[in-house]
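dropping a prediction and its sequence here:
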Amino acid sequence: AKVLKFNMKIRFILMVNKQGQTRLAQYYGKNLTIQEKAAIEGEIIRKCLARTENQCSFIEYRDYKCVYRRYASLFFIVGVDGQTNELGVLELIHNLVETLDKYFENVCELDIMFNLEKAHFILDEMICNGHIIETNKSNILRPTKLMDKYQAKK
């Protein structure tokens, strides 16, 4: 029996609004300085926002392949290694959005802004060190919901 190994190395995930403001940024792997992160974000965000809906959702940037998708007022941008399957990344983005929707009940930019730590918790349950570790929405949300119950008791 063949075992298929899906190896996707994620370098960063960005959530950005239509004005180009970063609402969430998570980096994996390389230790980048704040200036390097700001430069990467600025260039990639400009490139993604400048594209039309008729263009594909993949762009090459330095040694990254960036895959993005817009949901309402937010762009979800994922930077991966060059050999990664773009459709797999689009599926990851969609799963992330569905998971955030399930938790926030129709997620919007304000949910991310005012609950940034919860958005990071959810992302951390899905991705560890640049690798996808969980895709089941219920399993991803279980620890965050437990924290909510604990905080409600206090």
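Here it is on my side, so go on.

ok, which stretches of the protein are strands?
With DSSP state E applied, the chain shows strands at 10-17, 22-27, 58-61, 64-71, 74-81, 127-128, 131-132, listed in chain order.

go through these and name the closest to Ala152.
Of all the strands of the chain, it is strand 22-27 that lies closest to Ala152, at 24.4 Å by Cβ to Cβ. Any C-beta I mention is one placed from the backbone N, CA and C, and that applies to glycine too.

can you say which of the strands of the chain is nearest to Pro143?
Each of the strands of the chain was scored for nearness to Pro143 using Cβ to Cβ, and the closest is strand 127-128 (13.0 Å).

other residues contacting that closest one?
Around strand 127-128, the neighbours that count as contacts under Cβ atoms under 8 Å, 6 or more residues apart in numbering are 10, 13, 26, 28, 133.

looking at those, which one is closest to Leu123?
Comparing every one of the contacts of strand 127-128 with Leu123 (Cβ to Cβ), the shortest separation belongs to Gln26, at 5.8 Å.
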